[in-house]
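> Fold the following for me, if possible:
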Amino acid sequence: MTKIIGTGSVLPELVVPNSEFNNNTFFDKKGIEIDSPGSAITAKLETITGIRERRYIPFDQDSRPLMIEAAKTAIADSGLDPNDLDGIIVAHNAGNILVGEHAFHTVPNMGAYLKNALGITNHEFFAYDILFACPGWLQGVIQAHQAIECGSAGNVLVVGIEVASRMLDPHDMDSMVLADGCGAAVFSKGDNGVISHATFSHANDDIDAIYLGKSNKEDVGGSCWFKMNGRDVYRYATTWVPKVVKKALEKASLSLTDIDMFLFHQANEKLNLAIAKNLSDLYEVGADFFAGKLPMTIQFLGNTSVATIPTLLDMVLKKNLGDFEIKEGNTVVMASVGAGMHCNALVYRF
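Just a heads-up that it's a prediction; the model follows:
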């Protein structure tokens, strides 16, 4: 099996409450101004998503320091030297977000930047990026598992980095859900660990559910603003995440009631509760089965996209999220969903 031997995460220093957006003027997707004060719109956002605040990196900083700090924390937690690694996989949505520009760079790739920053001199090594939207970190874990299982790597660092704050349209309510963050984990061979996994990629009528595009306000320049068709995303997530989790459980010959905790992508509080309800319906168990098994960070971290699951995992493992605790022998499901649309799930025994 492939096991986690170290984790790390970084919470950016700028705390941004919903009230920060109270003076914004919001427009709908047709460019028509919404006839409601910003405070009413932010209140609606909190009701729908559960988000009270989120975190951004300093605006004089690019993406790399956040990634490097989380990676170093995970490596230190593993007890390894960086040169003990055989590979790095960095999941992201926009590479290195630049300072003072509405732009990002993907060359050199983030994996190369990180290898350089860690001082890794071994060239018999892979350092690549994965672009798979919010499920990217979990897909990176699956690829690390495959590399370790086939003998091409012994220790692999998988990082999820998101700096969404530079791509948020200040005139679009949907932009307020996103935030910055980074989480990482080191994987190696062990007796316990990854039991099974499943991935679905549809990319059919749902291809435009989440995308980058123009601002809702006509006179704002640029075409790399985050855009989302919320109802389509909700429909996809509540339909397919339960099914991809069920697929992974079937591969492991396990049932829902064998699972001790669920680490879901943190996109929306109500969305996660709906996914849990639909998953419990598939197994004909009561929704109360999830009580105490569904930790969330969405309320105070917002949606950090590809960084949500590794951050959540790190906080729970280090007992930094209330009473949630993963104990030896516990079986945990991790599941994510995002632009494409894609979704995936992984079953892990600690």
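
> Now stretch 312-329: buried residues?
Residues of stretch 312-329 classed as buried by neighbour count (16 or more other CB atoms under 10 Å): 312-317, 321, 324, 326. (Glycine included, C-beta is placed from N, CA and C.)

> I'd like the residues you listed as CSV, with distance to Ser336 and pLDDT appended.
Shown next, in CSV, are those (distance: CB to CB, whole Å; pLDDT from 0 to 100):
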residue, distance to Ser336, pLDDT
Leu312, 11, 98
Leu313, 12, 98
Asp314, 16, 98
Met315, 16, 98
Val316, 16, 98
Leu317, 18, 98
Leu321, 18, 97
Phe324, 18, 97
Ile326, 18, 97
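
> Could you single out the nearest of the residues you listed to Pro82?
Nearest to Pro82 among the buried residues of stretch 312-329 is Asp314, at 18.5 Å by CB to CB.

> Against Pro295, how distant is the closest one?
From Asp314 over to Pro295 the distance is 12 Å, taken as CB to CB, to the nearest Å.

> Which helix or strand contains Pro346?
Residue 346: Leu, not Pro. Assigned by DSSP states H and E, Leu346 belongs to strand 342-349.

> I'd like to know which elements that strand is packed against.
Here strand 342-349 touches helix 136-149, strand 193-201, helix 230-251, strand 331-338, going by 3 or more CB pairs under 8 Å, 6 or more residues apart in numbering; DSSP states H and E.

> could those go into CSV alongside distance to Ile34 and mean neighbour count?
Output for the helices and strands packed on strand 342-349, formatted as CSV (distance: least, CB to CB, whole Å; neighbours: other CB atoms under 10 Å):
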stretch, distance to Ile34, mean neighbour count
helix 136-149, 32, 24
strand 193-201, 34, 19
helix 230-251, 14, 19
strand 331-338, 26, 25
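
> Go through the ones you listed and name the closest to Gly286.
Smallest distance to Gly286 across the helices and strands packed on strand 342-349 (CB to CB): 15.1 Å, for helix 230-251.

> Next, the angle from the closest one to strand 342-349.
Angle, helix 230-251 to strand 342-349, by axes from the mean of the first three to the mean of the last three CA atoms, to 10 degrees: 40 degrees.

> Nearest residue to Phe264 in space, please, no chain neighbours.
In space, and not counting its chain neighbours, Phe264 is closest to Asn272: 5.0 Å by CB to CB, 6 or more residues apart in numbering.

> got the phi/psi numbers for that neighbour?
phi -60, psi -40 (degrees, to the nearest 10).

> Let me know whether it touches Leu263 as I believe.
No - applying CB atoms under 8 Å, one finds Asn272 not in contact with Leu263, separated by 10.4 Å.

> and Ser175, how many neighbours?
Counted with other CB atoms under 10 Å, the neighbours of Ser175 add up to 22.

> Would you give the sheet partners of the strand holding Leu346, along with the direction of each?
Applying DSSP bridges, strand 342-349 is found paired with strand 193-201 (antiparallel), strand 331-338 (antiparallel).
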